[in-house]
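[1] Fold the stuff below for me.
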Amino acid sequence: MIDSLKRALVLIVALLLTIGGLVAFRHNPQWLWLLAVTVPLTLLGFYDLLQRRWTITRNYPVAGRIRWLFYRLRPFLRSYIVEGDLEGTPFPIQARNLVHARARGETDTHPFGTERNTDSNDYHWLMHSIAPEPEPEAAPRVQVGNEQTGSPYSASVLNISAMSFGSLSANAIAALNLGAKTGGFYHDTGEGGLSDHHLKHGGDIVWELGSGYFGARDNAGRFDPARFRDSATRDQVKMTEIKLSQGAKPGHGGLLPAAKVTAEIARIRLVPEGEDCVSPRRHSAFSTPVEMLEFAARMRELSGGKPVGIKLCVGQPYEVFAIMKAIIETGILPEFIVVDGGEGGTGAAPLELSDWVGMPLTEGLVLMRNALVGSGLKQHIRLVASGKVYSGMGLARNFALGADWCNAARAFMFSIGCIQAQRCHLGTCPTGVTTQDPYRQRGLIPEVQGQRAARFHRTTLEALADLVAAAGLKHPCDLRPDHLMHRTGPEKAESVDRILPFLPEGILRDAPDETIYADWWEAADPHSFAPRIDLVQRRSRAQPPGG
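    Next up is the predicted model:
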């Protein structure tokens, strides 16, 4: 009985004060203020005590709701009060502050030395030269194209990664495109179609096609060549891209709920208004690596010879090698391949997929680099890194691992106002970046935030140039794995080329059994994404006796 009274203490106190307030109110109307507080609390307490849905408030009337309040406030309290500058996830406050400072034109210098633990096992650094380069390229670019390209493109080494209209607001898309136009870099549409907002300011566009073929589909959801050609031949569209998977939810597809499929989104995506908009798990236009390359060649032809690329989060290595074998067999050369790290993701994804599926960028990038170099194809196909890059050092690291340029999504979201509130999937983004609510969007002014995106791009490349110059180089593509050191223990560090494998040119074609990828190369089939051998049996036969 005493325990029950303790648990209902807030209700009991509110009830007693209500009774006392009613008595006092008869003599002095000024006691109404007390009743205005205690009567609602008393009614709420009796409701909690009698309701049957929530255990915590049934046992702790009113008081149990305090737990709910702090539970809702917990992410914000941690972010602004509890976390250290380097502790937050997915991006620490130090990273967000760096992007915000560069976007706003504020100082990004740091006093009194590094705050990072240089003895930790995840610490890495760039090895500088005694003879730095006096004039590194301030705005380096990369030529995209091979002998099969009709209209090559010169890409910046930092661009906006794929983010769809629908997941991002109209004002956010317009701001990013204005930034791309001002800063001279490209803006990837994501798989949600080529919208008016992508085209509004004239920034360079890479049009991504996912499994839903939004903006280039017929009424049955299949690829429509004529509709694709009409948009892909626009001057503003510089390249096209086939999305196989993305880092946040590889192998999942996607769903835009019916409530979010407005008339505008329906028009852009060529889907019915007010109905669920589904991205299937896999493509219907092809089912094998060879068919995928033939589809890529068709896209290039329909676009007027513009570069075409493939984007994926790396899963099974034999699938990557199957694509290499298909390129060799068909002779069809895509101009670029984008590797999306498993740690990526701008919108919402099922937690298990986000946490546990997809190869992280470092491993995926190195595997794709080895596949291209080992197959003798790297000279024809550019390699792009996409995933959680926001600083000059992040760019430099990816270049050293084999990337030709980098794409960033969340960093550019920060540059136009995102504060990592993580409300992307709820439509209640406080900064108007990831909502379709027009009243929330009005806070984001494209003409202001677009300039900030351009400024972030420029200052980040300036920081990259400082690092490249320190290494004694002119262009970031000159960086190699031996320019990176990584700590492997409290008293030991190695250059990255001694930690991760880096294959020599052509070895997968000439002597695959001499590489660590021998089993996966053997399993790769250019005519199927499935393995052509049983890898477990293959490896069990290769085991030495007894183990």
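[2] May I ask you to confirm that Gly304 belongs to a helix?
    No - secondary structure of Gly304 (DSSP: H, G, I helix; E, B strand; the rest coil): coil, not part of a helix.
[3] Excluding chain neighbours, what is closest to it?
    Sequence neighbours aside, Thr233 is the residue nearest to Gly304 in space, at 5.1 Å (criterion: C-beta to C-beta, 6 or more residues apart in numbering). In short, each C-beta sits where N, CA and C put it, glycine included.
[4] Identify the residues contacting the one you found.
    Contacts for Thr233 (C-beta atoms under 8 Å, 6 or more residues apart in numbering) come out as 302-304.
[5] Then Leu500?
    Contacts of Leu500 by C-beta under 8 Å, 6+ apart are 362, 366, 401, 481.
[6] from what I can see the first one touches Leu401, true?
    Yes - the criterion here is C-beta atoms under 8 Å, and Thr362 meets it with Leu401 at 6.6 Å.
[7] buried sites along the helix or strand Phe46 falls within?
    Following DSSP states H and E, one finds Phe46 within helix 32-50. Neighbour-count burial for helix 32-50 flags 34-35, 38-39, 41-42, 44-45, 48-49 (criterion: 16 or more other C-beta atoms under 10 Å).
[8] so how far is that helix off the chain centroid?
    Distance of helix 32-50 from its chain centroid, counting by C-alpha atoms, centre = their mean, to the nearest Å, is 47 Å.
[9] Begin at 590, not 1, for the rest of this chat.
    Sure, I'll start counting at 590 from here, so that last one is helix 621-639.
[10] Same list (the buried residues of helix 621-639) but as JSON lines, adding pLDDT and distance to Tyr979.
    What follows is those, written out as JSON lines (pLDDT from 0 to 100; distance: C-beta to C-beta, whole Å):
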{"residue": "Leu623", "pLDDT": "85", "distance to Tyr979": "53"}
{"residue": "Leu624", "pLDDT": "84", "distance to Tyr979": "54"}
{"residue": "Thr627", "pLDDT": "87", "distance to Tyr979": "51"}
{"residue": "Val628", "pLDDT": "89", "distance to Tyr979": "52"}
{"residue": "Leu630", "pLDDT": "87", "distance to Tyr979": "47"}
{"residue": "Thr631", "pLDDT": "90", "distance to Tyr979": "51"}
{"residue": "Leu633", "pLDDT": "89", "distance to Tyr979": "45"}
{"residue": "Gly634", "pLDDT": "87", "distance to Tyr979": "48"}
{"residue": "Asp637", "pLDDT": "88", "distance to Tyr979": "45"}
{"residue": "Leu638", "pLDDT": "87", "distance to Tyr979": "50"}
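[11] which of these lies closest to Phe614?
    Lowest distance from Phe614 to these (C-beta to C-beta) belongs to Leu624, with 6.3 Å.
[12] list the contacts for that closest one?
    Neighbour list for Leu624: 607, 610-611, 614 [criterion: C-beta under 8 Å, 6+ apart].
[13] How about Asp697?
    So Asp697 contacts 687, 690-691, 1048, 1052 (C-beta under 8 Å, 6+ apart).
[14] ok, 10 Å please
    With contacts defined as C-beta atoms under 10 Å, 6 or more residues apart in numbering, Asp697 is in contact with 686-691, 980-981, 1048-1049, 1051-1052.
[15] Could you do Thr778 as well?
    749, 751-754, 762, 766, 784, 786-788, 794-798, 803-804, 820, 826, 829-830, 857.
[16] In strands, which of the residues you listed fall?
    Filtering the contacts of Thr778 for membership in strands, criterion DSSP state E, returns 749, 794-798, 826, 829-830.
[17] picking that back up, make a markdown table from the contacts of Thr822 and add neighbour count to it.
    Output for those, formatted as a markdown table (neighbours: other C-beta atoms under 10 Å):
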| residue | neighbour count |
| --- | --- |
| Leu891 | 21 |
| Ser892 | 23 |
| Gly893 | 14 |
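[18] Considering the contacts of Asp697, which is situated nearest to Glu726?
    Among the contacts of Asp697, and counting by C-beta to C-beta, the member closest to Glu726 is Glu1051, at 11.1 Å.
[19] Next, that closest one: phi, psi?
    With angles defined as degrees, to the nearest 10, Glu1051 sits at phi -60, psi -40.
[20] ok, back up a step: will you turn the contacts of Thr822 into a markdown table that also has distance to Ser668?
    What follows is the contacts of Thr822, written out as a markdown table (distance: C-beta to C-beta, whole Å):
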| residue | distance to Ser668 |
| --- | --- |
| Leu891 | 46 |
| Ser892 | 43 |
| Gly893 | 47 |
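[21] of all those residues, which comes closest to Pro1115?
    Out of those, the member with the shortest distance to Pro1115 (by C-beta to C-beta) is Leu891, at 23.5 Å.
[22] Next, the contact list for the closest one, please.
    For Leu891, the contact set (C-beta under 10 Å, 6+ apart) comprises 805, 814-822, 829, 897.
[23] If you rank these by neighbours, which is first?
    Val897 (30 neighbours; other C-beta atoms under 10 Å).
[24] ok, so what distance separates it from Thr877?
    18 Å (C-beta to C-beta, to the nearest Å).
[25] Same check on Ser745?
    Relative to Thr877, and taking C-beta to C-beta, Ser745 is found at 34 Å.
[26] contacting residues around the closest residue to Ala989 other than its chain neighbours?
    Distance criterion C-beta to C-beta, 6+ apart; nearest residue to Ala989, sequence neighbours excluded, is Leu1068 at 4.2 Å. Applying C-beta under 10 Å, 6+ apart, we find Leu1068 in contact with 715, 984-992, 1053, 1056-1057, 1060, 1062.
[27] Quick one: the strands in the stretch 640-789 of the chain, in order.
    For the stretch 640-789 of the chain, the strands defined by DSSP state E, counting those that start in this stretch occupy 713-715, 730-733, 742-745, 747-749, 775-777.
[28] With mean pLDDT and distance to Thr646 added, can I get those in a markdown table?
    Formatted as a markdown table, the strands of the stretch 640-789 of the chain follow (pLDDT from 0 to 100; distance: least, C-beta to C-beta, whole Å):
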| stretch | mean pLDDT | distance to Thr646 |
| --- | --- | --- |
| strand 713-715 | 92 | 49 |
| strand 730-733 | 98 | 59 |
| strand 742-745 | 98 | 55 |
| strand 747-749 | 98 | 46 |
| strand 775-777 | 98 | 47 |
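[29] a markdown table please, covering those strands and showing distance to Asp865 and mean neighbour count.
    Listed next are the strands of the stretch 640-789 of the chain as a markdown table, based on distance: least, C-beta to C-beta, whole Å; neighbours: other C-beta atoms under 10 Å:
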| stretch | distance to Asp865 | mean neighbour count |
| --- | --- | --- |
| strand 713-715 | 44 | 16 |
| strand 730-733 | 36 | 18 |
| strand 742-745 | 35 | 19 |
| strand 747-749 | 27 | 27 |
| strand 775-777 | 24 | 26 |
